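**Student:** Need coordinates for the below:
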Amino acid sequence: MSVRERSSAPSGKPDSHPPGAGAPARHGGLTSGMTLRAVGLGLALSAFMAWWVVHSAFEAHSSYLSITHLPMAALFPFMLVVFVINGLLKRFAPTRIFTAPELIIIFFIVFTASAIPGWAFTTYWVAVPSIPHYYANAENRYVELFFEYLPTWLIIPDERRAVHWFYEGLPSSGVIPWRDWIIPMSWWGTFFLALFFASASLMVILRKQWIERERLTFPLARVPLLLIEEDGSDSVLPRIARSKVFWYGFSIPLFVILWNIVSYWDVVPPIRLGGDYRIPITLAESFPPIQFKINFAFIAIGFFTDLNILFSIWVFFLLATIQIGVMSRFGIPKTAEIVTAQHLGGFFMYTLFGLWMARRHLYDVVRKAIGRGRDIDDSGEFFSYRTAMAGVVFGIVYMFFFLISMGMSFAAAATLLATCMLLFIGVTRVVAEAGLIYLDLPYNAHEFTVFSFGSANLHRADLTILTLSQTFSRNWRTLGMCAMAHVNKVGDEVGGARRGIFPVIVSALLMAAVISVIYTVFLGYDTTGADGFKDAFGNAKRGYETLASWINNQTQLTGGEYAGLGIGALIAWVLILAHHNFHWWPLHPIGWAVAKTWAIGMIATSIFIVWLIKAIILKLGGTRLYRQAQPFFIGMLVGYVLGVALSYGVDVIWFPASGHIVETW
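**Tutor:** Prediction:
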């Protein structure tokens, strides 16, 4: 069978998912779910979620709730509706229960909005424009090096101490200077709206290709579909929770987290599983450590990932670790960078090949958009292909000239946008095909742009604007692109028209953005200051330190790294050909593409564990035992989400401002 004819997730494999498995009854499809109460509850939960994410990170100093591609911040409110609100309605008002389409609408709204608050996105939005004026000093020479190239309309001014008070806390007699934030944040907001609309439009264009033609499995979409599945029973619990196996899985992570909550008072020693507990294991001298870490959330969702993808990821991760170690022992310089470049080349090839596979579909979409094609139907999309094409063109053109107006050169702006969109599409496709909830970008687009040209060959204005582009180019959550892809898949399973849903999703996204930005800024002034905020704020701060390094020192990809890119792309091409032409071929190109992303290093041992468990289950009982085991892993996820929420609650009550991190990378 040719590459063109073969789907990327062919049916017939031992662990393939039957179409529609776990899907709810149609009940009239999505349209019937667009009720006032479903939309209202979804928006209310999105508002709560936006506040909760920021409060947990910066006020309670507890878990990071929005970092994954199926975040705890979205899962907990959704599970609250499924288990508590709907359970109470079943008991006391059975005619008023939320139907499956209504639950899906609620999930759509909260899930898409979860791509915005906290470390997922808005933390960089607040941090990057506010950092320069506070951290500039005589020692780092920021004013001398790049201040003249900072666009004043995108940087928070400090004439009225707006920035200093934000990072140090508002004095007792001070008033929060909101006016100083409005213009820069609003201008950035227009850029992000253009990026989101372009991203959402791309997902409308690619939906039919990915879901209907290539039949990507979308493991993450299995979670809401299984949770809302019903069989007409009078039980207050959803169908999957009526299995004893569900509660076995539920109890494991919840017991560990509850035990560790007790350990907060030093009553018992903690169980060093989950959370930020990890043990570095070094295979030999000069070898990078392998982080042994148990991640309950990934194990739960990874069970729904195809077996050959799980196998390929941990195999290629192990081979990359060995390659770095061996090359280091031979004294080869920049070994980690060369190996990273190899897998980045593989990631680009994987993404570009996916677009090449879609070329006929894209041709049909363009013809439909210009009114010359009638053999492709877009009535089931969120909006028409004509609108989608206009969204992509308008979004990219607006972003391009926005960057030009900031002071960036044409070549740098084009490279940055092309790299960024390619990375976003690649991450979205990997998550759609592999279900990797913990997946970051293989490389930040602004850094790749600098290394491609060489910092000595770029003007300081380019380097400065590229640093400001951290606001979006670090965004592994792809500003909603990945969420929109999964919303498409879940909607496809439920059935019905999608028209009319997109404005509601956009409203939730805008509301989450406004709430999380305002609350982040408020906390900086209301607490001891944003200088104590960690992680994304620290990353943004280091971005300016890197900018100074780019200006002071010539930086460019070496010959070895360029060779690594080419060799990595070639290896990915061979893997793609083998995967599509030989049913027996065990290695999936996704494994090569993502093996050296930072997040994979944090979950590599969990990938191996869930691969081993799933392989044993399929070996012993085939697909029948696999289906019987599904409630166990959904229960594990529900127990973990509840444990994270309980730990946050304990932190707020008993450990204010000195919480404990359960959910993290």
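
**Student:** which residues sit in contact with the residue of the chain most remote from its centre?
**Tutor:** In the chain, counting by C-alpha atoms, centre = their mean, Ser173 sits farthest out from the average C-alpha position, at 40.7 Å. Contacts for Ser173 (C-beta atoms under 8 Å, 6 or more residues apart in numbering) come out as none. All C-beta spots, glycine's among them, are computed from the backbone N, C-alpha and C.

**Student:** Val39 versus that one, what's the distance?
**Tutor:** Ser173 sits 43 Å away from Val39, taking C-beta to C-beta, to the nearest Å as the criterion.

**Student:** for Gly601, same thing?
**Tutor:** Distance from Gly601 to Val39, by C-beta to C-beta: 40 Å.

**Student:** before we move on, what about Gly249?
**Tutor:** For Gly249 relative to Val39 (C-beta to C-beta), the value is 32 Å.

**Student:** Now do the strands for the chain: every range, in order, please.
**Tutor:** 279-281, 290-292 (DSSP state E).

**Student:** possible to save those as TSV with mean neighbour count?
**Tutor:** Below are the strands of the chain laid out as TSV (neighbours: other C-beta atoms under 10 Å):
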stretch	mean neighbour count
strand 279-281	11
strand 290-292	16
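
**Student:** Serialize these to a markdown table and add fields for mean pLDDT and distance to Met511.
**Tutor:** Converted to a markdown table, these look like this (pLDDT from 0 to 100; distance: least, C-beta to C-beta, whole Å):
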| stretch | mean pLDDT | distance to Met511 |
| --- | --- | --- |
| strand 279-281 | 94 | 41 |
| strand 290-292 | 95 | 37 |
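
**Student:** Show me the longest helix that occurs in this protein.
**Tutor:** Ranked by residue count under DSSP state H, the longest helix found in the chain is helix 598-654.

**Student:** Let's test this: mean pLDDT of it, rounded?
**Tutor:** Here helix 598-654 scores 97 as its mean pLDDT.

**Student:** And for stretch 154-171?
**Tutor:** pLDDT averaged over stretch 154-171 gives 96.

**Student:** so how far is it from its chain's centroid?
**Tutor:** Here stretch 154-171 is found 31 Å from its chain centre; the criterion is C-alpha atoms, centre = their mean, to the nearest Å.

**Student:** Please name the residues that touch the residue nearest to Ser62 when sequence neighbours are not counted.
**Tutor:** Sequence neighbours aside, Gly659 is the residue nearest to Ser62 in space, at 3.6 Å (criterion: C-beta to C-beta, 6 or more residues apart in numbering). Gly659 sits next to 56, 60-63, 647-648, 651-652 when contact means C-beta under 8 Å, 6+ apart.

**Student:** any chance of these in JSON lines, plus distance to Val427 and neighbour count?
**Tutor:** Below are the contacts of Gly659 laid out as JSON lines (distance: C-beta to C-beta, whole Å; neighbours: other C-beta atoms under 10 Å):
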{"residue": "Ser56", "distance to Val427": "24", "neighbour count": "28"}
{"residue": "Ala60", "distance to Val427": "29", "neighbour count": "23"}
{"residue": "His61", "distance to Val427": "28", "neighbour count": "19"}
{"residue": "Ser62", "distance to Val427": "26", "neighbour count": "26"}
{"residue": "Ser63", "distance to Val427": "22", "neighbour count": "26"}
{"residue": "Ser647", "distance to Val427": "28", "neighbour count": "26"}
{"residue": "Tyr648", "distance to Val427": "27", "neighbour count": "23"}
{"residue": "Asp651", "distance to Val427": "31", "neighbour count": "24"}
{"residue": "Val652", "distance to Val427": "33", "neighbour count": "16"}
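
**Student:** In the stretch 401-550 of the chain, where is pLDDT below threshold?
**Tutor:** 496-497 (pLDDT under 70).

**Student:** all helices for it, in order.
**Tutor:** For the stretch 401-550 of the chain, helices defined by DSSP state H, counting those that start in this stretch occupy the ranges 410-434, 445-453, 460-468, 470-473, 481-494, 502-526, 536-552.

**Student:** Could you do the stretch 151-300 of the chain as well?
**Tutor:** According to DSSP H, counting those that start in this stretch, the helices that the stretch 151-300 of the chain contains are 162-168, 179-207, 222-228, 244-263, 296-302.

**Student:** The second one versus helix 410-434: what angle between them?
**Tutor:** Pointing back at helix 179-207 there. Here helix 179-207 runs at an angle of 60 degrees relative to helix 410-434 (axes from the mean of the first three to the mean of the last three C-alpha atoms, to 10 degrees).

**Student:** Please identify the buried residues of helix 179-207?
**Tutor:** Across helix 179-207, burial judged by 16 or more other C-beta atoms under 10 Å covers 180-181, 184-185, 187-188, 191-207.

**Student:** what's the answer for stretch 587-605, then?
**Tutor:** For stretch 587-605, by 16+ other C-beta under 10 Å, it's 587-597, 599-605.

**Student:** Enumerate every residue touching the residue nearest the centre of the chain.
**Tutor:** Among the residues of the chain, the one closest to the centroid is Arg477, at 3.0 Å (C-alpha atoms, centre = their mean). By C-beta under 8 Å, 6+ apart, the contact set of Arg477 is 66, 69, 115, 120-121, 483.
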